[in-house]
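Engineer: Okay, here's the prediction I keep looking at, along with the sequence it came from:
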Amino acid sequence: MSAVRDSATPSKLTSRVILIVVAVVFAVPILSMVEFTLRAGIDGGHDLGHWAAILDPENSRKYRVLFQGIGNSVVLAAVTVLIVVVLLLPTMILVKLRFPKLQRVLEFVCIIPITVPAIVLVVGLAPVYSVVARLLGSAPWTLAFAYGITVLPYAYRAIAANLQSVDVGTLAEAARTLGAGWGTVLVRVLLPNLRRGVLTASVISVAVVLGEYTIASLLGRNTLQTSLVQVSKSDPFVAVAFALLALAFAFVLLFIIGRVGSIRRIRETP
């Protein structure tokens, strides 16, 4: 058995080579974007002029659509995460505890959106959003209903992986035996044990919202991606700079998840 394990485990040299290759694949485009934003123009050289232009009050009107898109995307991300936490998480817990035979059905329903192209999804959602516009208006936050469907496969897998590692049945039964209501069981007993899965699902949802373009563009909503495309036609340097800031924001969220998970493991270690 040990010989099989040793042969299946890559050597230190192989692991380092793989890490270096992966690092180069990610670093080259990011460094290229950074270098592009630092170009001084046709005269050559590099400076921080394009980054300083973002904070220049004189350019506030020029980049107004971009800042509006960022604000709309932040609201969309918050509403989408709320949909995942309020609707998907309790549904998965309920199916796990009360209707285990429906787990396959729920998984199938949640995975379906990943098989549907965004353009096809928009064609199907267009009549629905005509009704939504009459009832709730055409504010950008209403896209969260479509984004909630788009992030279902990713959020489901993140939470399902955490659910498999936690004995929610025993925890819920013990809490109910001690007199806790279902609300208390969900918020104070199960949710702390599913924190890592919920955080992962939330970050994935935010990343999908910040990177989605097709649905917002075809439904005529102003978001980060649509505004980046619009601004890039007149100032590609600032558009790339904001794309870098969006990447940095995603990396920070991933770092926070890693830290939260490591802190939890340290606390649980006897």
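Structural biologist: Great, that's in hand.
Engineer: what residue is smack in the middle of the chain?
Structural biologist: Ile204 (2.4 Å; Cα atoms, centre = their mean).
Engineer: tell me which element that one is part of?
Structural biologist: Assigned by DSSP states H and E, Ile204 belongs to helix 195-211.
Engineer: Could you check how far that helix is from the centre of its chain?
Structural biologist: Taking the mean of its C-alpha atoms, helix 195-211 sits 3 Å from the chain's own mean (Cα atoms, centre = their mean, to the nearest Å).
Engineer: still on that earlier bit, I'd guessed the residue nearest to the centre of the chain sits against Tyr156; true?
Structural biologist: No. Ile204 lies out of contact with Tyr156 (Cβ atoms under 8 Å); the separation is 10.2 Å. For the C-beta atoms, the positions are set from N, CA and C on the backbone; glycine is no exception.
Engineer: Contact partners for Val206?
Structural biologist: Val206 makes contact with Ala77, Thr80, Val81, Ala250, Leu253, according to Cβ atoms under 8 Å, 6 or more residues apart in numbering.
Engineer: Of the residues you listed - the most surrounded one?
Structural biologist: Thr80 (27 neighbours; other Cβ atoms under 10 Å).
Engineer: Quick check: which element contains that residue?
Structural biologist: Per DSSP H and E, Thr80 falls inside helix 64-83.
Engineer: Now do that helix and helix 195-211, the angle between them.
Structural biologist: Interaxial angle of helix 64-83 relative to helix 195-211 (axes from the mean of the first three to the mean of the last three Cα atoms, to 10 degrees): 150 degrees.
Engineer: Show the subsequent helix or strand relative to helix 64-83.
Structural biologist: Counting by DSSP H and E, the next helix or strand C-terminal to helix 64-83 is helix 89-97.
Engineer: Remind me what that next one packs against, helices and strands.
Structural biologist: Helix 89-97 is packed against helix 103-115, helix 152-164, helix 168-177, with contacts defined by 3 or more Cβ pairs under 8 Å, 6 or more residues apart in numbering; DSSP states H and E.
Engineer: residues contacting His37?
Structural biologist: Small correction: residue 37 is Thr, not His. Shown here is Thr37, whose contacts under the criterion Cβ under 8 Å, 6+ apart are His50, Trp51, Phe237, Val240, Ala241, Leu244.
Engineer: In helices, which of the residues you listed appear?
Structural biologist: Judged by DSSP state H, the contacts of Thr37 include His50, Trp51, Phe237, Val240, Ala241, Leu244 as members of helices.
Engineer: who are the neighbours in contact with Ile112?
Structural biologist: Applying Cβ under 8 Å, 6+ apart, the residues near Ile112 are Pro153.
Engineer: Pull the number of nearby residues for the closest residue to Ala144 other than its chain neighbours.
Structural biologist: Leaving aside its chain neighbours, Ala144 sits nearest to Val79 (3.7 Å; criterion: Cβ to Cβ, 6 or more residues apart in numbering). For Val79, the count of nearby residues is 20 (other Cβ under 10 Å).
Engineer: Could you check the pLDDT of Val79?
Structural biologist: You'll see Val79 listed with a pLDDT of 91.
Engineer: And Ile83, by the same measure?
Structural biologist: Ile83 is given a pLDDT of 89.
Engineer: Excluding chain neighbours, what is closest to the residue nearest to the centre of the chain?
Structural biologist: Excluding its sequence neighbours, the residue lying closest to Ile204 (Cβ to Cβ, 6+ apart) is Tyr154, at 4.4 Å.
Engineer: picking that back up, out of the helices and strands packed on helix 89-97, the one nearest Leu89 is which?
Structural biologist: For the helices and strands packed on helix 89-97, the distance to Leu89 is smallest for helix 152-164, at 6.1 Å, taking Cβ to Cβ.
Engineer: May I see the buried residues of the closest one?
Structural biologist: Neighbour counts over helix 152-164 (16 or more other Cβ atoms under 10 Å) mark Leu152, Pro153, Tyr154, Ala155, Tyr156, Arg157, Ala158, Ile159, Ala160, Asn162, Leu163 as buried.
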